[in-house]
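A.B. asks: Provided below for reference: sequence and predicted model.
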Amino acid sequence: MDKQILEESLASVGLPDDGLTVRFYEILFERYPDVEPMFQRDNKVQAAMLRTAIVSVIDNLDDGEWLTTNLESLGQRHAAMGVTAPMYEAVGECMIAAMTEIGGDAWTPAMTREWGEALSAVSALMLAGYPHT
């Protein structure tokens, strides 16, 4: 993963008031309405938490131990909420759709590729935290 592309592209789609993550949830709920009941009623709070998580992951991209510990723990919490593996794919799809929409002509295939790789890696680490039965 190219940390510089991830940081620069995230900065390029950063909107005030967590606009990127707010738009992400709008797209997610439009495309996958069945998941909406799993989220808090106040989507702005959820959007702020997601933005903080994204920034934390990017900030710690070079710290494998931090990523493993924190993302597996986050995965455990998501498993307890009933989040399934296919939902992670939907999240990645909708996050990239929001970024592409906001980025407009400035959004590049390289940005899509790097974010696809990053979101897949995050998903894998989170799913590693799921209980094994």
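C.D. replies: Alright, I've got the coordinates.

A.B. asks: in the helix or strand of the chain with the lowest mean pLDDT, what counts as buried?
C.D. replies: Across the helices and strands of the chain, mean pLDDT, DSSP states H and E gives its lowest value to helix 43-59, namely a mean of 87. The neighbour-count check on helix 43-59 (16 or more other Cβ atoms under 10 Å) flags Asn43, Gln46, Ala47, Leu50, Arg51, Ile54, Val57 as buried. C-betas here are computed from N, CA, C, even on glycine.

A.B. asks: which helices and strands does that helix pack with?
C.D. replies: Under the contact criterion of 3 or more Cβ pairs under 8 Å, 6 or more residues apart in numbering; DSSP states H and E, helix 43-59 touches helix 3-13, helix 19-31, helix 64-80.

A.B. asks: ok, residues contacting that helix?
C.D. replies: 3, 6-7, 10, 17-18, 20-22, 24-25, 39-40, 67, 70-71, 74, 118, 122 (Cβ atoms under 8 Å, 6 or more residues apart in numbering).

A.B. asks: This completes my enquiry, with thanks.
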